[in-house]
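A.B. asks: Need the 3D shape of this:
(2 chains)
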Protein chains: 2
Amino acid sequence: MNTPRDRRPLPEALLSQLKERFGAALTTAAAALEHHGKDESWHANAPPDAVVYPASTEDVAALVKRCAEHRVPIVPFGAGTSLEGHVLAIRGGICVDMTRMNRVLAVHAEDLDVTVEAGVTRKQLNRELTATGLFFPIDPGADATLAGMAATRASGTNAVRYGTMRENVLAIKAVLADGSIVQTAGRARKSAAGYDLTRLLVGSEGTLGIITELTVKLYPQPEAVSAATCAFTSVDAAVRTVMQTIQLGVPIARCELLDALTIGAVNRYSRLGLREAPMLFCEFHGTPAGVAEQAQTVQAIARELGGMDFQWTTLQEERTRLWQARHDAYPACMQLRPGNRAVATDVCVPISRLAECIAATNQDIARASMPVALFGHVGDGNFHLVILVDPRNPRDIEEAQALNTRVVMRALEMDGTCTGEHGIGFGKIDFLEAELSSAIPAMRAIKRALDPHHIMNPGKVVAID
Amino acid sequence: MNTPRDRRPLPEALLSQLKERFGAALTTAAAALEHHGKDESWHANAPPDAVVYPASTEDVAALVKRCAEHRVPIVPFGAGTSLEGHVLAIRGGICVDMTRMNRVLAVHAEDLDVTVEAGVTRKQLNRELTATGLFFPIDPGADATLAGMAATRASGTNAVRYGTMRENVLAIKAVLADGSIVQTAGRARKSAAGYDLTRLLVGSEGTLGIITELTVKLYPQPEAVSAATCAFTSVDAAVRTVMQTIQLGVPIARCELLDALTIGAVNRYSRLGLREAPMLFCEFHGTPAGVAEQAQTVQAIARELGGMDFQWTTLQEERTRLWQARHDAYPACMQLRPGNRAVATDVCVPISRLAECIAATNQDIARASMPVALFGHVGDGNFHLVILVDPRNPRDIEEAQALNTRVVMRALEMDGTCTGEHGIGFGKIDFLEAELSSAIPAMRAIKRALDPHHIMNPGKVVAID
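C.D. replies: This next block holds a predicted model:
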């Protein structure tokens, strides 16, 4: 799918204004444009006309004001790890690379929150928090920036216990389309003060404003952490174990499914010797007695459903290796056909439908002509397919898109969503319309109200033209 | 504060259209208008011109369409328990009483969610859920309707563990200002699909749309529940106990402070014999071992800070009596000067500032000429003053407002909020502007985009004219 590039050349006047304002923090070098014109998706590159590296919220405001005067698109860029073309400059314009705004501004350890600049990454944040005994749990796998994670409403492995960015962002500082700077909230844990602009910006993918700072919740490092793995003879048995665990209210911290193909890929990529069968990777956080109790409950459920090789560990080293393997699932699967790219699906369904949804999806997979791995955050009802495609082969793309569409439409029939965590970007605009058709006019009205000249990451989330 | 009543008579044409459409489900009887012109606040009554009792979302849509044609205000009404004049028809128009839409539409026990009509109350819901082993935790004290709680972003005693309506509403069906019906989301636990209209409507107080149905999260009834009380020689010691409990990450389910004046009032109102000293009321949810562990941790903290009379119970009957006493704090305090009304404050601050904030507030209270009780959800940093005023005495009102303003401004200086859970209504519009001044233009832009004729609960949340 190549969206028409409604591009016009960057006005010379704007470029010289920006050069004067930003000096060496602006570049039009081909390599930089190329780097900023792609994400980790299979979508064709779409480089911007220039890249600016702001050092402050005021820099961003000045940039947006000038772009607004010239009606030039602005596309924010974090780590570039999005999966639906969010950061592609499909209408040209200025890419705002936020990675130089990477200071942890204020750790409020007693309040269990921290205020950071947009470009701080989650791994950097957790490194800087080490001495406090606190941690930031949201973990989408990639070492994404906090603002990028907020803008795409990211989640990942810990969401089943700690929620997503939706639940964990307390306040946002952002630059709106007219260059004004807004602070959406204070640091109170809860507030009933006015419209929830914080959560309107979370998931807005740079189309309503550019997040420059944010305050997120932190959690005390659990007294005890244990990880467990369990193999199953079928994906169905694994999924039913998860369903029962969730329905019992076990406060499991992570609950991941990897299918046999994924385990094989991970074994080769991460040099592990796991049984090549569907597996659950679980993690428990709490007091020593609490995590033991949780693990026993899950083991009992798994045993009833034919779970095998139940292993558990509290050793940091083994846990890290295990979770590294889980996080490597995506690159590991990419090696199933080297040189290919991945079309990643991302549906999420109510947990009562998960087993049925995955079973039907596995029938689709059996008919596919290419390798398709299945894994995901099943505790939330969210799973991914990694469909390997040769991007130069239109039949591959067509088949992958048809499979993705089938999976999405099935999830929607089950009252689920086309995207649990990857977002809409420009790759899923049609699916969003299918999912929330009655809500699209209100979304468009909000977009038009906050971005009347349609310069904020145009062509993403909702179609306006 | 009597807001100017920018009222014009109800157009005869509209009234006859509505009579034809709604028959006996429309009334202009004086008693009904009077009942629908007030809430539980001290604000002067402002009755609507007519009250309509819709039976369906389609009824609401038809009503809004006709009101939109005639540019007549529409004010949604649930249980009428709001505290900032949310439901007052300050510009006249039609009150939409949602209480006949009171069906529990679908319990999805396996998914831990339920879809209800707007007028279902929280107690009704929990009664209907009894057999499922699940419960809905959000508990603002009053037996409010679910849509009213969503519209005001309510919370209450359980929020410290289970979050507020912000975290617990999965999806909303609403009628917008043009009479269109929107469904904001499916039932997936998480989604990154488009702008978060769910949370934009949560807390919008009927100014952006009328919620007609909603899906909320449920939780398994905890295996074990225990309640504990502890008295302290000072409010400060009680607050510090809470701060340390939260900072340790104890998953406490409820954590309430009542000052000595409130305890005295509760003793008289609920016939209890509690020591008239500042007290914490706590509740723990979990496994039997888990709740014992939590209670021990809190008791150890309290003891170090001079806590006395630590009592705990797992008996349902004793727990119910205890929490009834806590919930009766508001009516009990009203009896401190019978015939008076209450000005209720509602600030919430980061927990590190809570002791300081309450200490300074207690100095204000010491100088007040009327009884002022202090209690609240201190685990969230949220507390209330109940300031008793004679509504016919302008000096009382003036003094109470000055005290409220001092408390709010102090909270804002501490990076807190003017309202943790009561909302803005029309009573706190100026405070919202003080708190989030940079965000007000965006809130106004959203209001204008979604309600161009300014008919949806006009004069609430943001000033438009």
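A.B. asks: What's the mean pLDDT across stretch A:380-390?
C.D. replies: When the per-residue pLDDT values of stretch A:380-390 are averaged, the result is 96.
A.B. asks: Could you tell me the end-to-end distance of it?
C.D. replies: Start and end residues of stretch A:380-390 are separated by 31 Å (Cα to Cα, to the nearest Å).
A.B. asks: anything in it near chain B?
C.D. replies: Yes. Under the criterion of Cβ under 8 Å from any Cβ of the partner chain, stretch A:380-390 makes contact with chain B via A:380-382. Using the backbone N, CA and C atoms, a C-beta is placed for each residue, glycine as well.
A.B. asks: tell me which element the residue nearest the centre of chain A is part of?
C.D. replies: The C-alpha lying nearest the average C-alpha coordinate of chain A belongs to residue A:154 (Cα atoms, centre = their mean; 3.7 Å). No secondary structure element spans residue A:154, as it lies outside all helices and strands (assigned by DSSP states H and E).
A.B. asks: Over to residue A:174?
C.D. replies: Per DSSP H and E: strand A:169-176 holds residue A:174.
A.B. asks: For the lengthiest helix in chain A, buried residues please.
C.D. replies: Once chain A is assigned using DSSP state H, the helix that runs over the most residues is helix A:394-413. Of the residues in helix A:394-413, A:396-397, A:399-401, A:403-404, A:407-408, A:410-412 count as buried by neighbour count, 16 or more other Cβ atoms under 10 Å in any protein chain shown.
A.B. asks: Mind listing residues that contact it?
C.D. replies: Contacts of helix A:394-413 from elsewhere in the structure, counted by Cβ atoms under 8 Å, 6 or more residues apart in numbering or on different chains, are A:1, A:42, A:343, A:345, A:347-349, A:357, A:360-361, A:364-365, A:368-370, A:372, A:385, A:387, A:389-391, A:417-418, A:431, A:434-435, B:186, B:188.
A.B. asks: helices and strands of chain A: which one bottoms out on pLDDT?
C.D. replies: Ranked by mean pLDDT, DSSP states H and E, the helix or strand of chain A with the weakest confidence is helix A:316-327, at a mean of 84.
A.B. asks: quick check: mean pLDDT across the strand or helix carrying residue A:356?
C.D. replies: For residue A:356, the element it lies in under DSSP H and E is helix A:354-367. The average of the pLDDT scores along helix A:354-367 is 96.
A.B. asks: chain center to that helix: distance?
C.D. replies: On the basis of Cα atoms, centre = their mean, to the nearest Å, the separation between the geometric centre of helix A:354-367 and that of its chain is 23 Å.
A.B. asks: how about that helix: buried residues?
C.D. replies: Of the residues in helix A:354-367, those with enough neighbours to count as buried (16+ other Cβ under 10 Å) are A:354-355, A:357-358, A:361-362, A:365.
A.B. asks: ok, now how distant is the nearest residue to residue A:235 once chain neighbours are set aside from chain B?
C.D. replies: Of all residues not flanking residue A:235 in the chain, residue A:278 sits nearest, at 4.6 Å (Cβ to Cβ, 6 or more residues apart in numbering or on different chains). Counting by Cβ to the nearest Cβ, to the nearest Å, the separation of residue A:278 from chain B is 21 Å.
A.B. asks: swap in residue A:7?
C.D. replies: In this structure, residue A:7 lies at 25 Å from chain B, with Cβ to the nearest Cβ as the measure.
A.B. asks: Enumerate the residues of the stretch 51-200 of chain A near chain B.
C.D. replies: So the stretch 51-200 of chain A meets chain B at A:108-113, A:152-155, A:159, A:163-164, A:166-167, A:176, A:180-197, A:199-200 (Cβ under 8 Å from any Cβ).
A.B. asks: swap the cut-off to 7 Å and go again
C.D. replies: Taking Cβ under 7 Å from any Cβ of the partner chain as the test, the list of the stretch 51-200 of chain A residues beside chain B reads A:108, A:110-111, A:152-153, A:155, A:159, A:164, A:166-167, A:176, A:180-184, A:186-197, A:199-200.
A.B. asks: do the stretch 251-400 of chain A as well
C.D. replies: Residues of the stretch 251-400 of chain A that fall close to chain B, judged by Cβ under 7 Å from any Cβ: A:287, A:289-290, A:293, A:348-352, A:380-382.
A.B. asks: Buried ones among these?
C.D. replies: Neighbour counting with 16+ other Cβ under 10 Å marks A:287, A:290, A:293, A:348-352, A:380-382 as buried within these.
A.B. asks: The residues you listed: which two are farthest apart?
C.D. replies: A:287 and A:349 (32.8 Å; Cβ to Cβ).
A.B. asks: Check the secondary structure at the closest residue to chain B within the stretch 1-150 of chain A for me.
C.D. replies: Per Cβ to the nearest Cβ, residue A:110 is where the stretch 1-150 of chain A lies closest to chain B, at 3.8 Å. Residue A:110 carries the three-state label helix when classified by DSSP: H, G, I helix; E, B strand; the rest coil.
A.B. asks: correct me, but it touches residue B:353?
C.D. replies: No. Counting by Cβ atoms under 7 Å, residue A:110 stays clear of residue B:353, with 9.0 Å between them.
A.B. asks: higher neighbour count, those two?
C.D. replies: Relative neighbour count places residue B:353 above the other of residue A:110 and residue B:353, with 23 against 16, counting by other Cβ atoms under 10 Å in any protein chain shown.
A.B. asks: Is the more buried one in contact with residue B:414, as I believe?
C.D. replies: Yes. With contact defined as Cβ under 7 Å, residue B:353 reaches residue B:414; the gap is 4.1 Å.
A.B. asks: Skip ahead from the longest helix of chain A and say which helix or strand is next.
C.D. replies: From helix A:394-413 onward toward the C-terminus, using DSSP H and E, the following helix or strand is helix A:429-435.
A.B. asks: any idea of the mean pLDDT in that next one?
C.D. replies: The predicted model gives helix A:429-435 an average pLDDT of 98.
A.B. asks: Stretch A:104-115 too?
C.D. replies: 97.
A.B. asks: same thing with stretch A:257-265?
C.D. replies: What stretch A:257-265 shows for mean pLDDT is 95.
A.B. asks: starting at the chain centroid, how far to that stretch?
C.D. replies: Relative to where its chain is centred, stretch A:257-265 has its mean C-alpha point 21 Å off (Cα atoms, centre = their mean).
A.B. asks: ok, residue A:449 touching residue B:449?
C.D. replies: Yes. Judged on Cβ under 7 Å, residue A:449 makes contact with residue B:449 at a distance of 3.5 Å.
A.B. asks: which residues are common contacts for the two?
C.D. replies: With contacts taken as Cβ atoms under 7 Å, 6 or more residues apart in numbering or on different chains, residue A:449 and residue B:449 have no neighbour in common.
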